[in-house]
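> Please work out how this folds:
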Amino acid sequence: MYKSSKFNYLFNVTLSAIAVILAVTPANALPEQNINTVVKWAKTRTLLPTLRYNSEAHGYGGTKGNLYFYADVTSQNGTVTKEGITVSGDSSIKFTAKNAKGVKLLENIYNLNIANDFQQSRYVTKIGRDQFYRGKKFAYITAAVQNGTNFQIIPLRNLQEAINKTKYCQTHECDI
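Down below sits the predicted model:
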């Protein structure tokens, strides 16, 4: 009887430790997480560059090959407000729901859940070059940019604010 309860105790402690590790260590880093988590996560992604702080951009970014990745942060607590990817020089990649290469790149950087959420997201509106989408987990903004394509992921609750700001910036000078 003693060996059985000792085994159960060790088994439960091990399971608890694994649960804590999985809860603390995200499979991917997304908006609303701390920038330290995103920087550490980016180091584990072979497609992503090393992220460095850029005071002018109010965030972290880096370039690797034709891919630029950035994460904007709040100055108060280091929370990521949005992440973006720009791919240049490869006209076969577009961040659209129907472009397999673009969706596959999102899957390789983030995971299948994010790629599917974007692919199944609902088109909301287009303002200037920016197209806004509502997913189940996040909101997305895509744009064709000079010699490339851009993708942004923001918290779902910030979608209307992003639309309003973009509309405002169409007629006013903004520091985006």
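> Could you use CA atoms for every contact and neighbour count after this?
OK.
> centre of the chain versus stretch 102-116, how much separation?
With Cα atoms, centre = their mean, to the nearest Å as the basis, stretch 102-116 stands 10 Å off its chain's centre.
> gap between the two ends of it?
This stretch, stretch 102-116, spans 12 Å end to end (Cα to Cα, to the nearest Å).
> What residues sit buried inside that stretch?
Buried residues in stretch 102-116, counted by 16 or more other Cα atoms under 10 Å: Gly102, Val103, Lys104, Leu105, Leu106, Ile109, Tyr110, Ile114, Ala115, Asn116.
> Could you tell me which of those belong to strands?
Judged by DSSP state E, strands contain none of the buried residues of stretch 102-116.
> So which residues of the protein form helices?
2-24, 35-44, 100-109, 112-119, 159-171 (DSSP state H).
> among these, which gets the worst mean confidence?
Between the helices of the chain, the lowest average pLDDT goes to helix 2-24, which shows a mean of 48.
> in terms of contact, does Ala143 touch Asp130 like I think?
Yes. The criterion here is Cα atoms under 8 Å, and Ala143 meets it with Asp130 at 4.9 Å.
> Specify which residue of those two has the higher count of neighbours.
Ala143 (21 against 18; other Cα atoms under 10 Å).
> Just give me the neighbour total for Glu173.
That count, for Glu173 with other Cα under 10 Å as the rule, works out to 8.
> wait, doesn't Pro49 sit right on Gly62?
Yes. Between Pro49 and Gly62 there is a contact at 5.3 Å, judged by Cα under 8 Å.
> more neighbours, the two?
Using other Cα under 10 Å, the more surrounded residue of Pro49 and Gly62 is Pro49, with 20 against 16.
> give the contact list for the more buried one.
Pro49 makes contact with Ala42, Lys43, Gly61, Gly62, Thr63, Lys64, Tyr68, Phe69 under the criterion Cα atoms under 8 Å, 6 or more residues apart in numbering.
> And it, its phi and psi?
Main-chain torsions, Pro49, degrees, to the nearest 10: phi -80, psi 170.
> Next one: it relative to Asn66, how far apart?
Pro49 is 11 Å from Asn66, by Cα to Cα.
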